[in-house]
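Q: Return a 3D structure for these sequence lines:
(chains A and B)
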Protein chains: 2
Amino acid sequence: MGGRGSIMQAINIGLLGFGTVGVGLAKLLIENGDVITARVGARLVLKKVVDIDTETDRGITLPSGTLSADAATVINNTDIDIVVEMIGGQTVAKELILAAIAKGKHVVTANKALLAVSGTEIFKAAHVKGVDVAYEASCGGCMPVVKTLRESLVGTRVQAIRGILNGTCNYILTKISTDGSSFTEALADAQKLGYAEADPSLDVDGHDTAHKLAMLAALAYGTDLNLDDIYVEGISRIGPMDIRYAAEEGYCIKLLAISKNSGDAIDARVHPAMIPKDHLLASINGRVNAVVITADAVDDIMLYGYGAGMMPTGSAVVADCVDLARNLLNGKSNRVPFLGYQMDELRPIAITPINEISTHYYIRFSALDQPGVLSTISGVLGDRGISIKTVHQKGRKNNGAVPVFIQTHRANEADIQNALTLIREKGVVDAKPVLIRIEDDRLND
Amino acid sequence: MGGRGSIMQAINIGLLGFGTVGVGLAKLLIENGDVITARVGARLVLKKVVDIDTETDRGITLPSGTLSADAATVINNTDIDIVVEMIGGQTVAKELILAAIAKGKHVVTANKALLAVSGTEIFKAAHVKGVDVAYEASCGGCMPVVKTLRESLVGTRVQAIRGILNGTCNYILTKISTDGSSFTEALADAQKLGYAEADPSLDVDGHDTAHKLAMLAALAYGTDLNLDDIYVEGISRIGPMDIRYAAEEGYCIKLLAISKNSGDAIDARVHPAMIPKDHLLASINGRVNAVVITADAVDDIMLYGYGAGMMPTGSAVVADCVDLARNLLNGKSNRVPFLGYQMDELRPIAITPINEISTHYYIRFSALDQPGVLSTISGVLGDRGISIKTVHQKGRKNNGAVPVFIQTHRANEADIQNALTLIREKGVVDAKPVLIRIEDDRLND
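A: Residues are numbered from 1 along each chain as shown, chains lettered A, B, ... in the order given. This is a model prediction of the structure:
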């Protein structure tokens, strides 16, 4: 294996941000250093670690002089080959990544929010400078979805992606469905267990999932990153009533990242969806991620694993460091293009606005308990050409309102939204209806 | 992206063996050539195809002069960069792979049987010559398990592998469990649908699965390929009775490749196993593959996909060709070592003989319908320290025999086998008992 002399070569890593995943990376480089070296044929050395907090005991002992609060000890350090950015956020992280690139350093990041927004700018800077930017850990934690799309499905045309990409949301939905908790109770439970942040909005509102979907769609179809046009809806309005109804109809409810490629345009949306109980993703429960990729040659392939956490994400960061180390040992960067397609082959593909999609819908109305309400609701739906498949009224009266559950045949989103607005205006419901799109390929009407 | 001139570079592929997967490769290179080029930045050209049958219409048109019956048109062709071996078997395939290596060509193969037996020899030859041998398609079809073990889990210590690696067996077991077919009926159905070969023994006897396990274990633990010491048992004795019993006890039955690493030794065995109904692999039904890899940093990760077939396997071959093409474009081979560890880091690890394992067992006796039989069976088990968890006698008499189902607590395989022999000798059963090992991490007694 060319280039290995009698002295084992070292690849020096500088880590920016010594939080959870940073500590995971440090632990793996130390505790599993022997297997990493045996695999790579070179040592990966954590040369410098930078964090504003240099005091907290993180349960790991770094060699003296490794930890400092000064990012320059990494960025301006000519010994450092790879800069690992684990700071998060859009400001300092971006500034330091661009500074590292400018210094000719290769970069590893797990910063999905930054890449979804500024990936194009960062990749262009890296391309010009001839350095690598690796980001497997930014999507799906230890689940190798970036590598699979960039390298394993390279001979296929990807047709669709359906993913559970946020473990917090999946934990909450699993909890609601197994013990009938409310959303609020399930969230509080997730927070108590450390599975959800104190401010959980990025997770439960679906934006974290959208960041990941922006990357997966770009990788799948050879298009630019486009976060702005992804429709995003969270899980906070899902209740046990919806999950019970779904179960009775043979469905379960997951927060899905969905993307479908029709050639001229793509769907790219994040929202709760009902999926058949025998769908591959239906049995994915708890604080994990899974993604099903549909492509012409392979039909469905699925990946599953922990999408977050110190060690699973740390493991993906190590894999990226090793990929870059192998490029360094070979003296060649940019072996695989950033988004899987050569930079000059990326082309814009429009995302179909949510109002223009058509699918099957579940709607739960909180209907006032008075005569004519059902007739008003079904009249409004019918006037817009929305064909009702089933109507159920289950459960008891709640403050003078009763839940009415409707499933539609295939309908246009614009018609549905228009009908829901009108139904509210008619004063026959006492709250915004809960709408869940049904992802069921078996339905064809 | 260094090296791209104004003329698009071509990587020339020579294909040996124009059967199902070879045709799949050719189709993908032609039909998806545009996306492959857009990803790689170079054209992958199928320059020569060799098969003894140059007449059959395979539903694909190759440029005139491409197909011939003479392997020398590939092996001795200085234009060919990558030789794809799709002949199968241990003789001609091996000879041609070694000849291609000797000529300095890179090799892609899906030949699991050859690699499991002669992989060490082939990899050594390639190492000496400085060429690559890629083999993603040899294990799990389109499921990127080789890449995941070699590249994505590079920072982890793999603790266990559990895989459904033969789609034919999984189809048959799914068929038995969904409609109560006998093994023979389910096999005939699989043959009718083209899912099983006319001679299905390599599949149903477990040897195909063992070939794949030999590779996965080597990749996981950094050890030499060791097919000979893998215990192999097929599915031909599994009947609907066993599957019904399993279902009632919360289990399903899968033909599993199992490997566990205890540091000094590994388990590596292929046999039908009962797994809990909520295990990740329990919901993997039909003609597909799935593998769960357990490693220190990631807990469980799972991959799922079609493990065979023209296009899924063809897609894995394309991925390998692209990996090698990228190495060629960079002028560097052997970027990732053949078995994931540097050649000089591979070390022998003993496989624990099946007789020395201990686990939980299900045994179905075909007991003679006469007094004292159950007492004889339980006596023999008890004498060997095998603790019985449950005994059931279900179903009707069959030719004077009744099925007796026993589950044991943890027991030693040697004791179990010894007891089964003695029970047969005592003349209280009229057939060899059916034994299925229970893979259930929840059991601890």
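
Q: any idea which helix is longest in chain A?
A: helix A:310-330 (DSSP state H).

Q: ok, residues contacting the helix or strand just after that helix?
A: Once helix A:310-330 ends, the next helix or strand along the chain (criterion: DSSP states H and E) is strand A:350-351. Contacting residues not belonging to strand A:350-351 are listed as A:226, A:229, A:230, A:264, A:265, A:266, A:267, A:268 [CB atoms under 8 Å, 6 or more residues apart in numbering or on different chains]. Any C-beta I mention is one placed from the backbone N, CA and C, and that applies to glycine too.

Q: Can you lay out those as CSV showing neighbour count?
A: Listed next are the contacts of strand A:350-351 as CSV, based on neighbours: other CB atoms under 10 Å in any protein chain shown:
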residue, neighbour count
A:226, 18
A:229, 14
A:230, 24
A:264, 8
A:265, 14
A:266, 23
A:267, 20
A:268, 30
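
Q: roughly how far is the longest helix of chain A from the heart of the chain?
A: On the basis of CA atoms, centre = their mean, to the nearest Å, helix A:310-330 sits 20 Å off its chain's mean C-alpha point.

Q: ok, now stretch A:285-301?
A: So, by CA atoms, centre = their mean, the centroid of stretch A:285-301 is 13 Å from its chain's centroid.

Q: what's the answer for stretch A:64-72, then?
A: For stretch A:64-72, the distance to the chain centre is 32 Å (CA atoms, centre = their mean).

Q: Pull out the buried residues from that stretch.
A: If you call a residue buried by 16 or more other CB atoms under 10 Å in any protein chain shown, then stretch A:64-72 has these buried ones: A:66, A:67, A:71.

Q: What residues sit buried inside stretch A:320-332?
A: A:320, A:321, A:322, A:323, A:324, A:325, A:326, A:327, A:328, A:329, A:330, A:332.

Q: related to what we said a few turns ago, and the longest helix of chain A, what does it pack onto?
A: strand A:10-16, helix A:20-31, helix A:33-40, strand A:43-50, strand A:82-85, strand A:106-109, strand A:133-134 (3 or more CB pairs under 8 Å, 6 or more residues apart in numbering or on different chains; DSSP states H and E).

Q: again, only using 6 Å
A: helix A:20-31, strand A:106-109, strand A:133-134 (3 or more CB pairs under 6 Å, 6 or more residues apart in numbering or on different chains; DSSP states H and E).

Q: which residues touch the longest one?
A: Surrounding helix A:20-31, the residues in contact under the criterion CB atoms under 6 Å, 6 or more residues apart in numbering or on different chains are A:15, A:44, A:46, A:58, A:60, A:86, A:110, A:310-311, A:313-314, A:317-318, B:155, B:297.

Q: Out of those residues, which two are the most distant from each other?
A: A:44 and A:58 (19.2 Å; CB to CB).

Q: between the two, which one's more packed in?
A: residue A:44 (26 against 17; other CB atoms under 10 Å in any protein chain shown).

Q: Could you pull up the residues touching that one?
A: Residue A:44 sits next to A:11, A:29, A:36, A:321 when contact means CB under 6 Å, 6+ apart.

Q: Who is it paired with across the strands?
A: residue A:11 (DSSP bridges).

Q: Across the sheet, point out what pairs with residue A:291.
A: In beta-bridge terms (that is, DSSP bridges), residue A:291 pairs with residue A:163, residue A:303.

Q: can you list the helices and strands packed on helix A:310-330 in a markdown table and add mean neighbour count, mean pLDDT and distance to residue B:416?
A: Below are those laid out as a markdown table (neighbours: other CB atoms under 10 Å in any protein chain shown; pLDDT from 0 to 100; distance: least, CB to CB, whole Å):
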| stretch | mean neighbour count | mean pLDDT | distance to residue B:416 |
| --- | --- | --- | --- |
| helix A:20-31 | 22 | 97 | 38 |
| strand A:106-109 | 28 | 98 | 50 |
| strand A:133-134 | 26 | 98 | 49 |
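
Q: isn't there a strand covering residue A:301?
A: Yes. Assessed with DSSP: H, G, I helix; E, B strand; the rest coil, residue A:301 lies in a strand.

Q: who touches the longest helix of chain A?
A: A:3, A:11, A:20-21, A:24-25, A:28, A:40, A:42, A:44, A:81-82, A:106, A:108, A:110, A:132, A:134, A:136-137, A:141-142, A:306, A:333, A:335, B:152, B:154-156, B:297-298, B:332, B:335.

Q: tell me which of the buried residues of stretch A:64-72 is nearest to chain B?
A: residue A:66 (19.0 Å; CB to the nearest CB).
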